[in-house]
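Participant: Quick one: sequence plus predicted model below, questions after.
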Amino acid sequence: MNPRGYLAALATVMMMVLGGVWAGTAQAGCAEGHVDLRGAWGQARFTVELADTNATRAQGLMHREYLPRSAGMLFVYDAPTSPAFWMKNTLIALDMLFVDPGGVVRHIHHDAIPHDTTPIPGGDNVLMVLEINGGLSRRLGIAEGSEMRHPMLAQDQAVWPCP
């Protein structure tokens with residue numbers, strides 16, 4: 001790697017560490033305002049807003065001009081479903097992580113295009129959807145099969161329960 005590339009990579013890692021996205025060890029506790037993800041790639045924590053009613057799910061992240069790197073929105077359904085999203089009135093590119101009732105990421109839609117009204121299906125048996133900045137899943141290495149921890153998962157079914 002050339003020196004410029006090395007410095008760019010180092011700067012990216014430092015921004016993630018300082019921005020609270022990446023953590024090398026587990027952070028204690030679960031809270032409704034946070035989502036923890038882990039996998040062979042490492043671990044990450046996001047500060048999230050909950051979208052757990054029909055009204056908040058319909059609004060989502062529409063009309064937002066900015067989403068902090070360590071932030072996201074967690075869509076929570078009352079029961080497993082087969083959701084489809086679109087990007088109408090959404091101004092920023094997003095990654096969508098579709099999570100099953102056990103907290104396993106089953107599908108990731110990368111870099112959803114702002115304003116696109118094409119349906120983005122998440123598959124079957126989806127209980128939660130985490131939206132984060134577009135491209136961040138790939139940059140962090142988050143992949144299908146990653147595990148999510150959040151208190152709104154049924155803890156007796158969660159593959160990574162809250163402490």
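Facilitator: Happy to help now that I have it. Here the structure is a predicted model, which is why all the values come from computation and not from measurement.
Participant: Centroid-nearest residue for the chain?
Facilitator: Leu130 (3.6 Å; CA atoms, centre = their mean).
Participant: Tell me the spacing between that residue and Ser137.
Facilitator: 9 Å (CB to CB, to the nearest Å). From N, CA and C alone the C-beta is placed, and that goes for glycine too.
Participant: what sits in contact with each of the two?
Facilitator: Common neighbours of Leu130 and Ser137, counting by CB atoms under 8 Å, 6 or more residues apart in numbering, are Leu97.
Participant: Just give the number of residues close to the residue nearest to Trp41 when sequence neighbours are not counted.
Facilitator: Nearest residue to Trp41, sequence neighbours excluded (CB to CB, 6 or more residues apart in numbering): Gly141, at 3.1 Å. Counted with other CB atoms under 10 Å, the neighbours of Gly141 add up to 13.
Participant: contacting residues around the residue lying closest to Asn125 once chain neighbours are set aside?
Facilitator: Among residues not flanking Asn125 along the chain, Pro80 sits closest, at 4.7 Å (CB to CB, 6+ apart). For Pro80, the contacting residues are 100-101, 124-127, by CB under 8 Å, 6+ apart.
Participant: so which strand or helix has Pro80?
Facilitator: For Pro80, the host element (DSSP states H and E) is strand 71-81.
Participant: That strand - what's its average pLDDT?
Facilitator: Averaging pLDDT along strand 71-81 yields 98.
Participant: hmm, back to that, which residues does the residue nearest to the centre of the chain bridge with?
Facilitator: When bridges are called by DSSP bridges, Leu130 pairs up with Leu74, Leu97.
Participant: And stretch 51-60, what's buried?
Facilitator: 51-52, 57, 60 (16 or more other CB atoms under 10 Å).
Participant: which two in these are spaced the farthest apart?
Facilitator: Asp52 and Gly60 (11.9 Å; CB to CB).
Participant: Now list whatever residues contact both of the two.
Facilitator: Going by CB under 8 Å, 6+ apart, residues that sit against Asp52 and also against Gly60 are Phe75.
Participant: Val104 and Gly60: what is the separation?
Facilitator: The value you get for Val104 to Gly60, if CB to CB is used, is 22 Å.
Participant: And Ala84, by the same measure?
Facilitator: Distance from Ala84 to Gly60, by CB to CB: 13 Å.
Participant: Good, wrapping up.
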